[in-house]
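In: need coordinates for the following:
(chains A and B)
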Amino acid sequence: MIVLSLLPLYLLVALSSLTYATSDYHESLTLQPLPQSSLLASFNFRSNASQESFDERNFRHFPRALGQILQHAHTKELHLRFTTGRWDAESWGSRPWNGVKEGDTGVELWAWVDAADDQEAFAKWITLTQSLSGLFCASLNFIDSTRTTRPVVSFAPSGDHSDSSNLYLLHGTLPGEVVCTENLTPFLKLLPCKGKAGVASLLDGHKLFDASWQSMAVDVRPVCSSPDGCLVQIEQTVDIVLDLERSKRPRDNPIPRPVPNDQLACDTSKPYHSDDTCYPLEKTSEGGWSLSEIFGRTVSGVCPLGDSQSSEETICLRVPHERGVAVSEGAVETRKPDGFTRCYTLQTSSAFDLVMPAQEATTHVPLDEPVLRAERTIVGHGVERGGMRIIFDNPSDTEAVDFMYFETLPWFLRPYVHTLQSTVTGRDGVRRQVPTSQLIKGTFYRPAIDRERGTQLELALSVPAASSVTLTYDFEKAILRYTEYPPDANRGFNVAPAVIKLGGHENPIYIRTTSLLLPLPTPDFSMPYNVIILTSTVIALAFGSIFNLLVRRFVSAEEAAALTSQTLKGRLAGKVLAIRDRIKGKSTKVE
Amino acid sequence: MTGKNEDPGSSQTTSMPANDTMSSKAGALLLPPPEKPEAIRTRFKVIAAFWAVIIFLGFPIWWKTTSIYRARLPIQDMVEWADGKSCRPVFPLEIHFETPSLPESEAHHLLRATQHTLDDLNEFSAHHLRLKLSGEGAVAGHDDMLEQPQPSLDGKADNALTVRLLPQENLAAPRSELHPDTIRLDVYYPPSQIPPPSASNPPLSAYIAGELQNLFTEEKAIIAQVLSDSSVGGTNPLAPSSANNQQQPSVVLNSISPQLAESITRRLRRSMKYAETYHLAFSLFTPGSEPASWDVQTAVEEYISPLLQAFTPISNFTVDTQVQLYATSAPTAPLPEYDETQAAWTLKKEDLSAFINAAEWPLSPSIGNGPTINFILYVPAPSQSPMVVKESSATGWIIPQWGGVFLLNPPLSTADYPSNPPHLSQETLRPAFLTFSHQLLTLLGAPASPASLPFRLQTLIRVRAATLLLSASSTMGSLARLTESLPSIPIPANVATSVSTTLSHLTSTCEHLREGRFQAALADARVAEAEAERSFFEKSMVGQVYFPDEHKVAVYLPLLGPIGVPLIVGLLKEVKRVITSLKAKKQQT
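Out: Numbering: from 1, shown residues only, chains lettered A, B, ... in the order given. Sure thing, here's the model as predicted:
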């Protein structure tokens, strides 16, 4: 009887899940220990809405606040990045997601806007940045025409767009933006489970922004699997590299303490080894950690929205299979055949914790070598001129690397493109000056207009095998107007990182350099007032003497004395003296 | 210096009379010869030249460079509009009579008698009913035109109501019936009651007049309330014309029952400010993970869209919906209490204002012009279900000028532990959306009675036209006062254009109202209101505030001080000299 009475309910559930299959939700977390006791945690949240419901503004898993902004600004595809810190490619290898989900230091935004012409596209872009600024509590509204570029080859739409739409790509960066908790809170609010259930419950501002490197990404794109069934997909990603030692510090006592002497692992074979001298040995054992220890909390169940959630592997861990791992009860472990990956299927409503005890490391998860290393610095001295140096290093011994190099420079940095020079350094350390045409296959250059737009430089470059290429060019620093300086002018001005794109449109790899700090000549800001006061004084002096020369009457000194006695002042002085005399005379009489 | 020292030295030893000889001696010895007239004249010319430059060059340049553009505004007209002197809103409502079974002369007679009775009953002259036989003005038998009232472009007055007189056998007394979906009142009467042409006050016409009077009581009260509110809030309540205006509404307000007056003021307080476009946001909030989906699209189509369709002559609407899970109430919000007698979790009435967790729930207003009206469907957690309001056991309430809330308690599943259904069907949503549609009507300011929706919309058009007329007029008054009280703010030319557009549209609104064309009046009033708001909130009018004149003077004081002092002293001396020389001349002559 019970089964019979429940049957219609099951049918109803099955039916409703069929009806809403287009509106699904997935989330995952991948944990990968990195060298130097770091841990990479990649959170990914993806949800879909059908294009119809999106157009009719019936939002379910898709956040209404963001959906409205996209519709209002006619934005078809959006990519927003919040990044802090630096990815240490030397020790951590290639970037997560091939660098596709990471952005410039600070905030980076690029979007494809549907508009009739370029001017309209820019107006919509401004609407978009203003609205996103309010939504994410970031200074995105400062992306004006000087910080907006229109990249030609460096970015390609990742969504499926209909051919009829007239799309414009606009790109803007804010390298000086400090990403912090106030950006994370609205980011979490966009998730259907709001960080209260599922892997998002691990995200805590204190830990996230204490990381060595972190990147938050929001991607919205249309996905058309069949010609009439299009979806609008939103994918939110958080990648963080945590320093395990730092994260394990207790919250109530976060001050680091030195390791006691007897716990130091020293190389005793060194001749100088003694009680007070120690050459530290590389640790052979991996320190133990647990989710609750490094994130400060456990995963509270799953976000029960995905219809296939029961069989989904939410949390994956990339460690060798022989590594011992303890997890909470109820979680089902699946080991992947590659020997380094194991995934866990979580219980719906019970908390999940993962404990890695300390263990002697025998094998390591192999890390991918980055395809290209890039470094960009400002060289030169003085406040008038400077130079830019970009070093591309190709670690491969056999293959040349072709890539697109894209940089935007603020208008007050005026590059001299004719000074562009390239040097090739081989593994033997021999430097060769080569003509730039030998390395640069194509150039797109859009010069700056003062106070209107910045320089945009896109180069198609090729670095030969087993060598590094150094590009240099000179630039001049402009002098800004008094009101154009920010309050912290002496700190310097941020120059946005360069973006390097490798590979084709299908599986691109992105690398970003670090952002730069450009010192500009800064005036003394009380100067205008000093100038006004000094000029006024000089003018007043000159005026006073000329006026006096013209108006005064010139007499001799004796004549002047006589005149003085005639004036009110002179007469008063005389009266005072007379009174004094009288008093003196009286006093002498009395005597 | 030396002279000064000698002078006292010589006078020290001499007595008072000797002093005279001494000074005369000194004068004879040391005084310079009197100045030559040319020198005096030259000095006069120099000082005059400097002052001429200052007055004829300096001041004009300073004036020109620091003056601000102030476009001329018709201040007098604006103040008159604000004080209600320019327009006295009147509402002559045209009511058409269809008398298919009556001969024309009898119908005319009946009409006249009814009109007479009505005029006797009415004590609020701004709002009065004019009866018309259908054959005269409008085309008879026009049933469907009332569904969607068309703006009358041909200059005819809008039809406020159609009364159809139908004879019906075996009726003791006449009875009337208002069609719920048109603006038609059917009056059934026993054929024996047709008044003979000689009767002066037949019972049928008295009955019809009473019915009409009843139908329009609420509208009359609302309009009276709106008019009296505006004249109380106006700048000059003691002006004779506004005092005249005020008298009548207060008569009406005194005559209606206190309950009705109370409900009208409450409704006026709750309803949203008028806007061209309203954004409706329907949100499903639940503290857990279920229900995660709802048949909102069909529910909106079924229960809300027809209403919005009917509102199109007044405003436009956009609709968006969202589902928000894990929406917990604010930590400071009072928790619901379990009530044994009601077998439900109860929220106290005074705690309802803290129910919405504004900090965490994503209820951001929609982008674009116009206010957002939020409708929140809250499904309580299974452990707190069912949830009701303690005092009234109600499950919905209105948040004035913001939106509505409905607590939906769906049947819990009977599994091991109770849980909410994962999906809300349209049938489950029905009570919620019926409540929302009612709340929407209230928030938009529609009157509560009578039952016919088109009739209520017609009333709303008239009320909105009156409100907009008064609000645009008072904005004009505020702008006039603002520009007069702050002489340092600039007035750009487009403000003057907006003001003149507003005034002309206000005039035509008033004209349309007098002619009884309420649709056209509303259209004009909308333009007037939009222009008035635009002129009042012009951005460039507040630009000068941050750089005060004192600042400029302080910065340039090092220049103005040293230059100004010798110039002024020179001028004073010269003036003194001229005066003394004039006096001397007078004495000579």
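In: which SSE is the closest residue to chain B within the stretch 451-591 of chain A in?
Out: Residue nearest to chain B within the stretch 451-591 of chain A: A:A561 (1.9 Å; C-beta to the nearest C-beta). (Glycine included, C-beta is placed from N, CA and C.) Counting by DSSP states H and E, the element that carries A:A561 is helix A:557-566.
In: how many other residues sit next to residue 280?
Out: You didn't pick a chain, so chain A it is. 10 (other C-beta atoms under 10 Å in any protein chain shown).
In: look at chain B instead
Out: 22.
In: for it, give its distance to chain A.
Out: Separation of B:L280 from chain A (C-beta to the nearest C-beta, to the nearest Å) stands at 10 Å.
In: next: B:E538.
Out: Noted for B:E538: a distance of 21 Å to chain A, by C-beta to the nearest C-beta.
In: and the closest residue to that residue other than its chain neighbours, what are its phi and psi?
Out: Excluding its sequence neighbours, the residue lying closest to B:E538 (C-beta to C-beta, 6 or more residues apart in numbering or on different chains) is B:V495, at 5.1 Å. Backbone dihedrals for B:V495, given as degrees, to the nearest 10, come out at phi -70, psi -40.
In: and what of B:F285?
Out: Dihedral angles (degrees, to the nearest 10) for B:F285: phi -110, psi 140.
In: how far away is it from A:V100?
Out: Look at B:F285 and A:V100: by C-beta to C-beta, to the nearest Å, they are 35 Å apart.
In: same question, A:P366
Out: Per C-beta to C-beta, A:P366 is found 21 Å from A:V100.
In: which of the two has more neighbours?
Out: A side-by-side neighbour count of A:P366 and A:V100, using other C-beta under 10 Å, places A:V100 first with 17 against 8.
In: now the host helix or strand of A:V220: buried residues?
Out: With elements taken from DSSP H and E, the one containing A:V220 is strand A:213-224. Buried residues in strand A:213-224, counting neighbours by 16 or more other C-beta atoms under 10 Å in any protein chain shown, are found at A:213-222.
In: name the SS class of the residue nearest the centre of chain B, please.
Out: Computing the C-alpha centroid of chain B and ranking residues by C-alpha atoms, centre = their mean puts B:S471 first, at 3.7 Å. The three-state label given to B:S471 by DSSP: H, G, I helix; E, B strand; the rest coil is helix.
In: equivalent analysis for B:K586, please.
Out: Once three-state DSSP is applied, B:K586 turns out helix.
In: report pLDDT for it.
Out: Here the pLDDT value assigned to B:K586 is 88.
In: also B:D119?
Out: pLDDT, B:D119: 81.
In: so what's it closest to, chain neighbours aside?
Out: Using C-beta to C-beta, 6+ apart, the closest residue to B:D119 is B:H128 (7.4 Å).
In: for whatever helix or strand the one you found lives in, which helices and strands make contact with it?
Out: Per DSSP H and E: B:H128 is located in strand B:127-133. On a contact count with 3 or more C-beta pairs under 8 Å, 6 or more residues apart in numbering or on different chains; DSSP states H and E, strand B:127-133 meets strand B:91-98, helix B:104-121, helix B:217-233.
In: buried residues in the longest one?
Out: Read it as helix B:104-121. Buried residues in helix B:104-121, defined by neighbour count with 16+ other C-beta under 10 Å: B:107-111, B:113-115, B:117-118.
In: who touches the residue in the stretch 251-400 of chain A positioned nearest to chain B in this structure?
Out: Nearest residue of the stretch 251-400 of chain A to chain B: A:P304, at 4.6 Å (C-beta to the nearest C-beta). For A:P304, the contact set (C-beta atoms under 8 Å, 6 or more residues apart in numbering or on different chains) comprises A:197, A:348, B:289-290, B:292.
In: C-alpha coordinates for the helix holding A:A561, PDB please?
Out: Output in PDB follows, covering the C-alpha atoms of helix A:557-566 (Å, rounded to 0.1, in the frame of the first residue of the first chain):
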ATOM      1  CA  ALA A 557      63.700 115.300   5.100                       C
ATOM      2  CA  GLU A 558      63.200 118.500   7.000                       C
ATOM      3  CA  GLU A 559      60.100 119.300   5.100                       C
ATOM      4  CA  ALA A 560      58.800 115.900   5.900                       C
ATOM      5  CA  ALA A 561      59.300 116.500   9.600                       C
ATOM      6  CA  ALA A 562      57.300 119.700   9.400                       C
ATOM      7  CA  LEU A 563      54.600 118.000   7.400                       C
ATOM      8  CA  THR A 564      54.400 115.200  10.000                       C
ATOM      9  CA  SER A 565      53.900 117.700  12.800                       C
ATOM     10  CA  GLN A 566      51.000 119.100  10.800                       C
END
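In: any idea what B:Y189 is bridged to?
Out: Legend: beta-bridge partners of B:Y189 under DSSP bridges are B:P167.
In: quick check: it vs chain A, distance?
Out: For B:Y189 relative to chain A (C-beta to the nearest C-beta), the value is 50 Å.
In: is A:I390 in a helix, a strand, or coil?
Out: Per three-state DSSP, A:I390 ends up strand.
In: for it, what are its contacts?
Out: A:374-376, A:405, A:470-472, A:498, A:513.
In: and of the buried residues of helix B:104-121, the nearest to B:L557?
Out: Of all the buried residues of helix B:104-121, B:L557 sits closest to B:L118, with 76.0 Å by C-beta to C-beta.
In: who are the packing partners of the longest helix belonging to chain A?
Out: Assignment by DSSP state H gives helix A:527-551 as the longest helix of chain A. With contacts taken as 3+ C-beta pairs under 8 Å, 6+ apart, helix A:527-551 sits against helix B:37-53, helix B:549-588.
In: just send these back as CSV, with mean neighbour count and distance to chain A too.
Out: CSV is the format used below for the helices and strands packed on helix A:527-551 (neighbours: other C-beta atoms under 10 Å in any protein chain shown; distance: least, C-beta to the nearest C-beta, whole Å):
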stretch, mean neighbour count, distance to chain A
helix B:37-53, 14, 5
helix B:549-588, 12, 3
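In: off-centre distance for the helix or strand B:R266 falls within?
Out: Using DSSP H and E, B:R266 sits within helix B:258-270. Its chain's C-alpha centre and that of helix B:258-270 lie 18 Å apart, by C-alpha atoms, centre = their mean, to the nearest Å.
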